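> quick check, what structure comes out for this input:
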Amino acid sequence: MSSRELSEWQAVEQLTGPLGGHRGDVQMAILAAVIANSQRAKGRMLTPADFLPSWEGKRKLTPEELFAKAMQANAALGGSLRTDN
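Down below sits the predicted model:
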């Protein structure tokens with residue numbers, strides 16, 4: 001996968017949340033609740049809702065902000081900006 005393709009997928013994920021959708025989040029939240037409850041002391045039992053991420057309510061990034069994030073990810077992964085389009 002090229003640096004450009006990775007950056008594009010990261011931008012998509014920033015806009016829509018993680019790939020795999022809500023169902024995967026619910027499945028992992030159920031598993032996390034089971035594991036956490038098996039290790040907890042007495043007290044309130046945790047529920048899957050305690051582990052669900054909230055993707056709603058996040059401000060959508062502007063194209064300029066998305067580009068800046070993509071450039072940060074590109075630089076962090078050792079990529080460079082090509083100017084010979």
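> please save the CA atoms from stretch 15-33 in CSV.
Taking C-alpha atoms only, stretch 15-33 is exported to CSV below (Å, rounded to 0.1, in the frame of the first residue of the first chain):
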residue,chain,number,x,y,z
LEU,A,15,-14.8,11.2,8.5
THR,A,16,-16.8,8.0,9.0
GLY,A,17,-15.3,6.3,12.0
PRO,A,18,-13.5,3.0,12.0
LEU,A,19,-13.8,0.6,9.1
GLY,A,20,-16.1,-2.3,10.0
GLY,A,21,-18.8,-0.1,11.3
HIS,A,22,-20.8,-0.1,14.5
ARG,A,23,-21.2,-3.9,14.7
GLY,A,24,-17.5,-4.5,15.3
ASP,A,25,-17.5,-1.8,18.0
VAL,A,26,-20.4,-3.6,19.7
GLN,A,27,-18.8,-7.0,19.5
MET,A,28,-15.5,-5.7,21.0
ALA,A,29,-17.4,-3.8,23.7
ILE,A,30,-19.2,-7.0,24.7
LEU,A,31,-15.9,-8.8,24.9
ALA,A,32,-14.2,-5.9,26.9
ALA,A,33,-17.1,-5.9,29.4
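> pLDDT below threshold where in this structure?
Within the chain, the ranges that satisfy pLDDT under 70 run 17-21, 55-58, 85.
> how about the helices in it?
Using DSSP state H, the helices of the chain run over 3-16, 21-39, 63-76.
> turn the ones you listed into TSV, including distance to residue 50.
All C-beta atoms are positioned from the backbone trio N, CA, C, and that covers glycine. Below are these laid out as TSV (distance: least, CB to CB, whole Å):
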stretch	distance to residue 50
helix 3-16	23
helix 21-39	7
helix 63-76	29
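> which among those helices is found nearest to residue 54?
Checking those against residue 54 by CB to CB gives helix 21-39 as the closest, at 9.9 Å.
> can you put the helices of the chain in CSV and add mean neighbour count?
Output for those, formatted as CSV (neighbours: other CB atoms under 10 Å):
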stretch, mean neighbour count
helix 3-16, 14
helix 21-39, 13
helix 63-76, 13
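> what's the closest of these to residue 84?
Taking CB to CB, helix 3-16 is the member of the helices of the chain nearest to residue 84, at 13.4 Å.
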